[in-house]
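Chemist: Below are the sequence and a predicted model for it; my questions follow.
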Amino acid sequence: MTPEESRAKGRAYRAVHLQRAGFPVDTSMDPRLTYNGIEGPEILNIGSGVNPIPGAVNVDLQRFEGVDLTFDFTVFPWPIADASYDKVTMFHCLEHAPPLVAFNVLKEACRVLRGMGV
């Protein structure tokens with residue numbers, strides 16, 4: 001098997017598993033593009049601060065460049081509809097919350113995630 005055939009097989013393998021997980025796969029796109037030509041998941045990035053994730057909905061307590069929503073993630077419920085996102089990320093923010101608040105933050109993250117979300 002040539003290296004190109006191996007890469008193509010890997011792309012096909014990822015595409016099949018993403019389709020099974022419910023993600024749309026656009027086979028007309030160039031496989032060298034972001035996500036290997038596969039449309040990516042909708043991401044909610046909590047506590048983005050000055051490091052927003054491109055393509056995600058970035059949330060922070062303060063308004064920074066790249067922040068899409070501003071609210072306190074320790075106040076419940078979040079102003080986000082149920083089952084709205086495929087992925088919720090929180091980098092360097094959950095450890096600042098007291099344990100009971102952190103537990104409720106994780107419950108809220110589960111609420112806004114779709115069925116196969118992470």
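Modeler: Received, thanks.
Chemist: From here on, just use CA atoms for contacts and neighbour counts.
Modeler: Noted.
Chemist: looking at this structure, which helix or strand does the model trust least?
Modeler: Scoring the helices and strands of the chain by mean pLDDT, DSSP states H and E places helix 3-20 at the bottom, with a mean of 56.
Chemist: List the buried residues in whichever helix or strand comes after it.
Modeler: As assigned by DSSP states H and E, the chain's next helix or strand after helix 3-20 is strand 43-46. Using 16 or more other CA atoms under 10 Å as the test for burial, strand 43-46 gives Ile43, Leu44, Asn45, Ile46.
Chemist: Any stretches of the chain with poor pLDDT?
Modeler: Low-confidence segments of the chain, defined by pLDDT under 70: 1-41.
Chemist: Val67 contacts Asn45, correct?
Modeler: No - counting by CA atoms under 8 Å, Asn45 is not a contact partner of Val67; they are 9.4 Å apart.
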